[in-house]
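S.K.: Whatever this is, show me its structure:
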Amino acid sequence: MPDEGGRQVAIPWPHAPKGASALRPCRLGARHQARDGETGRFEARTQAKGTVPTGNSSVVSFSDAALRKEVVEAAIRAPSGDNCQPWRFRFERDRVEIYMLPDRAQSFFDFRNRGTYLSIGAVVENIRVRVACSDLALIAHYPAGEPAPGMPTVSGSLRPGIVADGARARLAALHERTVNRRPFLPKRIAPEKQKAWLADQVDGTAIAIIESRREIARWARVVYLGDRIRWTHPTIHNELFSKILFSRAEADSKRAGLEIDRLGAGPFAASLMHWLQPWSRMERLARCGVDRVLANQTRSLAFCAGALVLVTIERDEPEQWIRAGEQVQRLWTTAHQQGLCVQPLPIAMYLDQRFQKEGAEHFPPAHRPLLEQMRGDLALLIGNRVGAMLYRVGLGLRMSRPAVRLPAESFYDDLVVAP
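M.R.: You can find the predicted model right below:
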């Protein structure tokens, strides 16, 4: 697998026995599957006119090398923090295991690996969409608590399924889906589009669509507070600039990280970010209020969105975060199919969750008032639920291409382990 410098390095497989007790089977919320709760049988059902079996669903296997590669190619189009791509896959004949690479995912925002669990949920959703195109369904096995070292974070078993109408169009959309940090038009989203977002909700998640300008302004204030902390926190600052790919050549070489032309900083992005890179300079500029200027730009982006979408979960547990990731990716892919642009804005919620668990220990003293303001606002906006994702959505100038990814072959070994 390529390291940060683009070299090939070996990553040993985690050893995880098949059917390990640390995982328990749960139904993956697919449109083309319904589970009989008493017998455990899976009964095919259709929700779209014209959905019919194709006749090949008796073949339930990852033995085909082309299918394995296409599954991974779809899986790695999932979003991840700073485009770190912290995943590894292991295939058996009818099973795929997904492992977390915590060293790759290290981030101040990824408190207790919650952001990585979210990205793994998006991976699961992408795999589900891809296998649905081959008459197959994926049954997810979620962790019961924090996964033990060397164990898969989540796994999935193949079962016969039915191709749903639009599966291939959805697969194309998830390959094209990407973050868009450009301004959006403050035009309300059509009700029929919003209805589609809520049509296939993942169990354990809640979706709130925020349209009122007054409510959007309240959330934009929270986004502003989080952004001020981001620009004035030395650890976050250094992490951010270590992950920026300042040139096309660097992006093509490393294939992981934040491409400079995708940061929404305009035509002079590279020069501006190079200038802001030294922490000592940013620290001096913050005394002059530059952090407020930068944070106000993000607040304006949030305020001018067509809508904000909030995904929450009931409990701060790995399974819930994984399910939230499935839901976020499902919503995002649908929005992309509708011609809409999306930008995640979860920073304030993640900083607040860390503040709730650890206090201000890992923040500079000047951040405590900002954290307390943020805590008060979020308590009113979310209540006792856990904020998994906030994103803005709207009409805007779409990105010309998706973000870079490492080669699919670097995420797995081309070997099927005999069951």
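
S.K.: now the helices: where do they sit in the chain?
M.R.: Ranges of helices in the chain, per DSSP state H, are 65-75, 102-105, 114-132, 167-176, 191-197, 213-231, 234-243, 248-254, 269-276, 279-287, 290-303, 318-337, 347-358, 368-382.

S.K.: Go through these and name the closest to Thr205.
M.R.: helix 318-337 (4.3 Å; Cβ to Cβ). All C-beta spots, glycine's among them, are computed from the backbone N, C-alpha and C.

S.K.: number of nearby residues for the nearest residue to Arg385 once chain neighbours are set aside?
M.R.: Distance criterion Cβ to Cβ, 6 or more residues apart in numbering; nearest residue to Arg385, sequence neighbours excluded, is Thr312 at 4.1 Å. Using other Cβ atoms under 10 Å, Thr312 is surrounded by 21 other residues.

S.K.: Tell me what Thr312 is bridged to.
M.R.: Ala206, Gly387 (DSSP bridges).

S.K.: List the contacts of it.
M.R.: By Cβ atoms under 8 Å, 6 or more residues apart in numbering, the contact list for Thr312 reads 205-206, 208, 324, 382, 385-388.

S.K.: Repeat the analysis, applying 10 Å as the threshold.
M.R.: Residues in contact with Thr312 (Cβ atoms under 10 Å, 6 or more residues apart in numbering) are 205-208, 320, 324, 327, 349, 382-390.

S.K.: if we can go back for a sec, pick the most buried one from the helices of the chain.
M.R.: Mean neighbour count (mean count of other Cβ atoms under 10 Å) peaks for helix 114-132 among these, with a mean of 27.

S.K.: before we move on, back to that, ok, now how distant is the residue nearest to Arg385 from Ala302?
M.R.: Distance of Thr312 to Ala302, given as Cβ to Cβ, to the nearest Å: 18 Å.

S.K.: circling back to that earlier point, buried members of the contacts of Thr312 into ChimeraX, please.
M.R.: Here is the ChimeraX command that selects only those of the contacts of Thr312 that count as buried (16 or more other Cβ atoms under 10 Å):
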select :205,207,320,324,327,349,382,385,386,387,388,389,390
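
S.K.: so where is the stretch 51-200 of the chain shaky, pLDDT-wise?
M.R.: Confidence mapping of the stretch 51-200 of the chain against pLDDT under 70 gives the ranges 51-60, 163-164.

S.K.: if we go to 90?
M.R.: The stretch 51-200 of the chain contains residues with pLDDT under 90 at 51-61, 63-64, 93, 135, 149-150, 161-166, 200.

S.K.: what's the neighbour count on Ile313?
M.R.: For Ile313, using other Cβ under 10 Å, the count is 23.
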